[in-house]
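Q: quick check, what structure comes out for this input:
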Amino acid sequence: MSRRLARGWMALLVALVAGCILPSGPLAAAAHSGTRTPPPATVRLGGEEYVEARAVFARFGLKPVVLEAGRRLRFESAWSKIELEADRREALVNGLRVFLGAPVLVHRRTLHLSKIDADRLFTPILRPATYAASAPALKTIVVDAGHGGRDTGTQNPRLKLDEKGVTLDVARRLQVLLEREGYQVVLTRTDDRFVDLEERAAIANRAKADLFVSIHFNAVANAPTVRGTETYIMTPRHHASTQPERDKSMVPTLYPGNARDVWNAVLGYQIHRQLLDQLGTFDRGLKRARFKVLTLLDCPGVLIESAYLSNDAEAEKVRTASYRDRLAEAIAAGIRAYGVQLEAAKKG
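A: Residues are numbered from 1 along each chain as shown. From the prediction side, this is the model:
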């Protein structure tokens with residue numbers, strides 16, 4: 001057995017023991033007899049198709065627990081726990097903050113989910129094997145060090161930190177880890193140079209990449225206490241991003257990056273979980289955005305904002321090689337867990 005495959009199955013075992021995912025294939029069929037129930041009926045609410053949350057999660061063997069009558073429900077099984085609240089675009093999935101494309105709504109006294117969120121967020125996370133026919137390969141990975149050259153990115157002047165420098169350092173560390181596991185790795189930049197956003201996606205597409213990971217560090221002006229880690233995936237068509245677009249014409253547009261919506265969800269969830277587990281940072285959520293590098297990709301992609309350089313405590317950590325090692329390890333672990341999900345889905 002190859003080192004990569006052995007580590008992959010070890011990651012699956014760890015995830016199952018931790019109750020982080022649902023099993024796929026024959027194990028899932030044996031464990032959850034309700035998975036072959038018909039799709040939930042749809043109802044139009046606020047101009048969008050919605051489905052009853054109870055019916056969605058019953059297909060995965062999750063049972064409802066009332067947290068607040070008519071407003072909050074937890075759906076749980078031996079494998080997963082999901083919490084929903086009426087009128088919110090945020091859910092808890094196995095303790096992780098996950099942002100929805102549309103708010104949870106109450107209809108006929110029961111919680112309803114947007115059908116897009118049910119199909120392209122929750123189903124991929126809970127049962128990736130549902131989309132086995134579209135499961136991509138995982139051989140070539142493009143690692144994108146954000147910013148560079150004249151574009152310094154965010155900064156911490158007191159600590160003399162530029163985002164462009166630390167993103168490149170983390171990208172190189174991640175490259176070493178992934179190449180040790182047998183992946184072909186391409187960096188969008190290998191030194192301090194400016195690369196425009198379209199070219200970053202083009203590099204991935206020319207390399208016929210199977211995965212794109214963009215590394216960034218956050219900042220917010222005049223709010224030095226803001227902290228934490230957030231992970232972004234491409235926003236599905238017809239939904240607003242977590243931070244709604246100013247250009248509303250983007251919402252109905254179908255971008256190349258939307259072709260991998262379901263696998264973006266699997267990738268984003270697995271990477272975000274590993275970042276939070278290994279770095280112990282504040283959870284700012286798995287979010288959606290139409291960042292240009294994500295819109296133009298022909299493969300699954302994710303953009304990571306692992307810490308705030310405007311927060312001195314987090315910037316102090318980022319300044320250390322040990323933290324950047326841990327960050328690279330966490331991203332590699334997320335990719336490994338994603339790879340396990342791909343393999344399990346393909347084996348059905």
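Q: which residues in the stretch 1-150 of the chain form strands?
A: Secondary structure of the stretch 1-150 of the chain, counting by DSSP state E, counting those that start in this stretch: strands at 42-45, 48-52, 63-68, 72-76, 81-85, 90-93, 96-99, 105-107, 110-114, 140-145.
Q: sorry, wrong one. I was asking about the stretch 201-348 of the chain.
A: Going by DSSP E, counting those that start in this stretch, the stretch 201-348 of the chain shows strands at 211-218, 229-234, 283-289, 301-308.
Q: so residue 110 touches residue 55, yeah?
A: No: using CB atoms under 8 Å, residue 110 is not in contact with residue 55; the gap is 9.1 Å. (Glycine included, C-beta is placed from N, CA and C.)
Q: I'd like the strands of the stretch 201-348 of the chain laid out as CSV, including distance to residue 94, mean neighbour count and mean pLDDT.
A: Output for the strands of the stretch 201-348 of the chain, formatted as CSV (distance: least, CB to CB, whole Å; neighbours: other CB atoms under 10 Å; pLDDT from 0 to 100):
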stretch, distance to residue 94, mean neighbour count, mean pLDDT
strand 211-218, 22, 26, 98
strand 229-234, 15, 27, 98
strand 283-289, 11, 21, 98
strand 301-308, 18, 26, 98
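Q: so which of these gets nearest residue 203?
A: Residue 203 lies closest to strand 211-218 among those, at 9.1 Å (CB to CB).
Q: just checking, residue 88 touches residue 105?
A: No: contact criterion CB under 8 Å: residue 88 and residue 105 do not qualify, at 10.0 Å.
Q: ok, these two, which is more surrounded?
A: With neighbours defined as other CB atoms under 10 Å, residue 88 and residue 105 compare such that residue 105 has more, 18 against 13.
Q: who's in contact with residue 87?
A: Residues counted as contacts of residue 87 (CB atoms under 8 Å, 6 or more residues apart in numbering) are 103, 104, 105, 106.
Q: the last one: how many residues sit nearby?
A: For residue 106, the number of neighbouring residues by other CB under 10 Å comes to 13.
Q: that one bridge partners, please.
A: Beta-bridge partners of residue 106, counted by DSSP bridges, are residue 111.
Q: pretty sure it contacts residue 86?
A: Yes: here residue 106 reaches residue 86: they are 4.9 Å apart, a contact under CB under 8 Å.
Q: overlap in contacts of these two?
A: Common contact partners of residue 106 and residue 86 (CB under 8 Å, 6+ apart): 70, 71.
Q: pLDDT wise, what is residue 67 at?
A: pLDDT, residue 67: 97.
Q: and it, how far from residue 73?
A: Per CB to CB, to the nearest Å, residue 67 is found 6 Å from residue 73.
Q: which pLDDT value goes with residue 40?
A: 86.
Q: list the contacts of it.
A: Counting by CB under 8 Å, 6+ apart, residue 40 touches 51, 52, 55, 56, 59, 118.
Q: quick check: chain neighbours aside, which residue is closest to the first one?
A: With sequence-adjacent residues excluded and distances taken as CB to CB, 6 or more residues apart in numbering, residue 51 is closest to residue 40, at 4.1 Å.
Q: and the one you found, its phi and psi?
A: phi -60, psi 150 (degrees, to the nearest 10).
Q: ok, now which ones touch the residue nearest to residue 254 when sequence neighbours are not counted?
A: Counting by CB to CB, 6+ apart, residue 237 is the residue found nearest to residue 254 once chain neighbours are left out, at 5.1 Å. Shown in contact with residue 237 (CB under 8 Å, 6+ apart): 251, 252, 253, 254, 255, 258.
Q: any idea which of the residues you listed has the most stuff around it?
A: residue 258 (19 neighbours).
Q: spatially nearest residue to it (excluding sequence neighbours)?
A: Closest residue in space to residue 258, ignoring its immediate chain neighbours: residue 237 at 5.3 Å, by CB to CB, 6+ apart.
Q: state the distance from that neighbour to residue 122.
A: 17 Å.
Q: separation between residue 207 and residue 200?
A: 11 Å.
Q: most centrally placed residue in this protein?
A: For the chain, residue 268 is the residue whose C-alpha lies nearest the centre (CA atoms, centre = their mean; 1.3 Å).
Q: my read: that one touches residue 286, true?
A: Yes: counting by CB under 8 Å, residue 286 is a contact partner of residue 268 at 5.2 Å.
Q: show me what contacts the closest residue to residue 122 other than its chain neighbours?
A: Nearest residue to residue 122, sequence neighbours excluded (CB to CB, 6+ apart): residue 56, at 6.6 Å. By CB under 8 Å, 6+ apart, the residues touching residue 56 are 40, 113, 118, 122.
Q: again, only this time at 10 Å
A: Residues in contact with residue 56, defined by CB atoms under 10 Å, 6 or more residues apart in numbering, are 39-40, 62, 75, 82, 111-113, 115, 117-119, 122-123, 126.
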